[in-house]
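Trainee: The amino acid sequence is not available; the structure is as follows:
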Ligand SMILES: O=C(O)CCC(=O)C(=O)O
Ligand SMILES: [Fe+2]
């Protein structure tokens, strides 16, 4: 089964939408991953975000990053070997609803480098959100839900602070890593739809038959998309949240890599119940993701908190939103 590469140039054209929706949904059922070709996010904007990201990770001294650690609103920095105490990568999180990075608390939670750049981040998050909505409409359409906007309506951009944007840097190392570390531990994403932008290949995903790992292809200017646990559970398991990881075999220790992820999630108070129309009912009672059983009725916000606590420890919740006084 070939890795799905889907051309969405005509996604807004009424005559083509259903065929595209079906391709996206078929790929979401089998692989849980797909590559989007001819998508609406300008190459220039992606390049600009990567440039800001590269300058931050390469040029800002580590102590000008670690003083603004990821907080309970999921804004801030997470340095090498912080995630699950074993992932050798650094990342910067920009979560929250539109406008929240420009407000006082948002500004104070960010390393100074980012404070005059929040408009660009907000603008990028916004175009990512638009694309996530288009994909959610396609999924509802091809799953034959009575309302094609059913998922989209639950993902209002300003409906809560669930949407997260994260930039990542896997640094090149001069020495062999220790056995106990990896680049990014195997996981599935917690939300609905993730858009992944990458400078090079290196992501490994669980094969559709569950037997082993395959390398996700990297095609210049294409976006890799994957689905999260919340949507997989909600769809009664029809859509798949596939595990993925980055290893030192895929990205050798002396090679650097950068990526960016936009995690589209439903409004945090959305209650997750498998849709009856999507079938499978009882099978979902033991739906397990990232080592946790997802109980019916849990909210998207509660589930996301559980996952973030698994990565960062519950102390992140206690981090005051204002981690530092501005310098
Ligand atoms: O770096 C990548 O390509 C993947 C990032 C990822 O899976 C995540 O941030 O959840
Ligand atoms: Fe992920």
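Mentor: The structure has been received and is ready for your questions. Values in this document were obtained by computation on a predicted structure and should not be read as measured data. Ligands and ions are numbered 1, 2, ... in the order given.

Trainee: Centre-most residue in the protein?
Mentor: Note on the chain: the residue nearest the mean C-alpha position is residue 263, at 3.3 Å, using CA atoms, centre = their mean.

Trainee: Work out for me the element it sits within.
Mentor: Secondary structure assigned from DSSP states H and E places residue 263 in strand 257-264.

Trainee: outside of that strand, which residues touch it?
Mentor: 46, 49-50, 53-54, 57, 125, 128-129, 132-133, 136, 155, 163-170, 183, 189-200, 202-203, 228, 246, 251 (CB atoms under 8 Å, 6 or more residues apart in numbering). Where you see a C-beta, it was placed from the backbone N, CA and C, and this is true even at glycine.

Trainee: same thing with stretch 205-224?
Mentor: Looking at stretch 205-224 with CB under 8 Å, 6+ apart, the contacting residues turn out to be 1, 3, 5, 30-37, 39, 41, 43, 46, 131, 186, 195-198, 200-204, 226, 242-245, 250.

Trainee: wouldn't residue 69 be in contact with residue 76 here?
Mentor: Yes - at 5.2 Å, residue 69 and residue 76 qualify as touching, with contact defined as CB atoms under 8 Å.

Trainee: between the two, who's got more neighbours?
Mentor: For residue 69 and residue 76, the more surrounded residue by other CB atoms under 10 Å is residue 76, and the numbers stand at 27 against 20.

Trainee: Excluding covalently adjacent residues, which one is nearest to that one?
Mentor: residue 70 (4.1 Å; CB to CB, 6 or more residues apart in numbering).

Trainee: For the one you found, list the residues it contacts.
Mentor: When contacts are counted by CB under 8 Å, 6+ apart, residue 70 is found next to 76-78, 93, 312, 316, 319.

Trainee: can you pull the pLDDT of it?
Mentor: Each residue has a pLDDT score; the one for residue 70 is 94.

Trainee: what separates it from residue 104, distance-wise?
Mentor: Computed as CB to CB, to the nearest Å, the residue 70 to residue 104 distance reads 18 Å.

Trainee: mind listing the strands for this structure?
Mentor: 5-7, 33-37, 75-78, 90-95, 164-170, 184-187, 193-198, 203-206, 213-215, 223-227, 244-246, 257-264, 288-289, 292-293 (DSSP state E).

Trainee: Mind putting the ones you listed into TSV with mean pLDDT and distance to ligand 1?
Mentor: Supplementary listing: the strands of the chain in TSV, determined by pLDDT from 0 to 100; distance: least, CB to the nearest ligand atom, whole Å:
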stretch	mean pLDDT	distance to ligand 1
strand 5-7	98	17
strand 33-37	98	11
strand 75-78	96	11
strand 90-95	96	7
strand 164-170	97	5
strand 184-187	94	6
strand 193-198	98	5
strand 203-206	98	4
strand 213-215	97	11
strand 223-227	98	7
strand 244-246	97	5
strand 257-264	97	3
strand 288-289	88	13
strand 292-293	86	16
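
Trainee: Turn those into JSON lines, including distance to residue 13.
Mentor: Formatted as JSON lines, the entries for the strands of the chain read as follows, by distance: least, CB to CB, whole Å:
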{"stretch": "strand 5-7", "distance to residue 13": "12"}
{"stretch": "strand 33-37", "distance to residue 13": "16"}
{"stretch": "strand 75-78", "distance to residue 13": "38"}
{"stretch": "strand 90-95", "distance to residue 13": "33"}
{"stretch": "strand 164-170", "distance to residue 13": "29"}
{"stretch": "strand 184-187", "distance to residue 13": "36"}
{"stretch": "strand 193-198", "distance to residue 13": "21"}
{"stretch": "strand 203-206", "distance to residue 13": "30"}
{"stretch": "strand 213-215", "distance to residue 13": "32"}
{"stretch": "strand 223-227", "distance to residue 13": "19"}
{"stretch": "strand 244-246", "distance to residue 13": "31"}
{"stretch": "strand 257-264", "distance to residue 13": "23"}
{"stretch": "strand 288-289", "distance to residue 13": "35"}
{"stretch": "strand 292-293", "distance to residue 13": "41"}
